[in-house]
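**Q** mind folding the following:
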Amino acid sequence: MKKFFLILALVIFSTGMIGQTVNSVEPVTDCHKKDEHKNVFPNPFTDKLTIKYDQTYGEIEITATIRHLFTNELVYEGVFKNESTLQTGDWKKGFYVIFLKHYRGTEKIKVYKE
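**A** You can find the predicted model right below:
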């Protein structure tokens with residue numbers, strides 16, 4: 001129980017919530033809502049992987065970096081606009097991390113190659 005209050009105190013001090021009233025607490029799962037404007041498919045993938053943003057915000061430039069999760073091997077780095085389909089037939093099986101950088105910041109997505 002002491003650990004719980006210590007963690008709570010650290011959160012309050014680090015977020016600057018001293019003197020503020022907390023009316024409600026949302027579950028952690030609600031904090032990670034899916035971005036309806038982005039689609040990475042299929043997951044898991046075999047021969048190709050598509051990264052796609054819809055045109056809601058117009059044409060956007062995306063810088064993508066993809067690395068194998070365990071070996072940290074760089075398998076792709078490039079810039080595209082709104083959509084790109086990558087040929088992945090020669091990639092090793094396993095998990096990959098995709099870093100997508102665009103005007104809204106950087107996103108990290110995990111995918112699996114069968």
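
**Q** just confirm residue 65 is within a helix.
**A** No: Residue 65 is assigned strand when assessed by DSSP: H, G, I helix; E, B strand; the rest coil, not a helix.

**Q** residue 85: neighbouring residues, count only.
**A** Counted with other CB atoms under 10 Å, residues neighbouring residue 85 total 12. C-betas here are computed from N, CA, C, even on glycine.

**Q** what packs against the helix or strand where it lies?
**A** Using DSSP states H and E, residue 85 falls within strand 83-87. For strand 83-87, the packing partners by 3 or more CB pairs under 8 Å, 6 or more residues apart in numbering; DSSP states H and E come out as strand 48-53, strand 61-68.

**Q** could you rerun that using 7 Å?
**A** strand 48-53 (3 or more CB pairs under 7 Å, 6 or more residues apart in numbering; DSSP states H and E).

**Q** neighbouring strands - and their directions - for the strand holding residue 85?
**A** strand 48-53 (antiparallel) (DSSP bridges).

**Q** isn't residue 112 right up against residue 46?
**A** No: with contact defined as CB atoms under 7 Å, residue 112 does not count as touching residue 46 (10.2 Å).

**Q** can you tell me the SS state at residue 58?
**A** Per three-state DSSP, the local secondary structure of residue 58 is coil.
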